[in-house]
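*Asks:* Sequence unavailable; structure follows:
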């Protein structure tokens with residue numbers, strides 16, 4: 001899992017999935033949720049939005065993907081804290097599998 005806030009993206013790098021290109025309002029609209037829900041995900045430790053120069057929360061596509069998965073779980077009746085933990089573990093597993101495949105490819109070469 002790439003910790004939020006540890007990968008500062010170059011300005012204007014919209015192809016980078018970690019570039020904080022979405023305002024809180026836009027992110028909430030895209031997810032079909034409220035800004036309060038996004039704040040609750042931050043409080044639960046799932047996502048930590050970067051801040052604009054004016055202090056406004058900014059979200060990346062990666063963060064929106066995590067938030068969308070958490071929303072699916074919450075919509076199915078899972079508590080927000082539990083949903084966030086599940087999503088974090090899923091993301092860590094996905095990253096571990098990616099690294100494992102990369103290392104296996106290096107060992108075979």
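*Replies:* Looks like it arrived, so ask away. Computed from a predicted model, the values in this text were never measured in an experiment. Residues are numbered from 1 along each chain as shown.
*Asks:* which regions of this protein sit below the pLDDT cut-off?
*Replies:* 1-12, 14, 109 (pLDDT under 70).
*Asks:* how does it look with 80?
*Replies:* 1-14, 107-109 (pLDDT under 80).
*Asks:* Now do the helices for it: every range, in order, please.
*Replies:* With DSSP state H, the ranges of helices along the chain come out as 24-31, 35-43, 61-75, 80-108.
*Asks:* Out of those helices, which one sits most buried?
*Replies:* helix 61-75 (a mean of 19; mean count of other C-beta atoms under 10 Å). Where C-beta positions appear, they are placed from N, C-alpha and C, glycine not excepted.
*Asks:* my guess is residue 80 contacts residue 39, does it?
*Replies:* No - with contact defined as C-beta atoms under 8 Å, residue 80 does not count as touching residue 39 (10.7 Å).
*Asks:* Tell me which residue is most central in the protein.
*Replies:* Ranked by distance to the mean C-alpha position of the chain (C-alpha atoms, centre = their mean), the top residue is residue 63 at 2.1 Å.
*Asks:* What residues does the closest residue in space to it that isn't next to it in sequence make contact with?
*Replies:* Leaving aside its sequence neighbours, residue 63 sits nearest to residue 47 (C-beta to C-beta, 6 or more residues apart in numbering; 4.4 Å). Applying C-beta atoms under 8 Å, 6 or more residues apart in numbering to residue 47 gives the contacts 4, 38, 41, 59, 63, 66-67.
*Asks:* ok, of these, which one's closest to residue 94?
*Replies:* Residue 94 has its nearest neighbour among the contacts of residue 47 in residue 66, at 10.8 Å by C-beta to C-beta.
*Asks:* wait, what's in contact with the closest one?
*Replies:* Per C-beta under 8 Å, 6+ apart, neighbours of residue 66: 41, 46-47, 87, 91.
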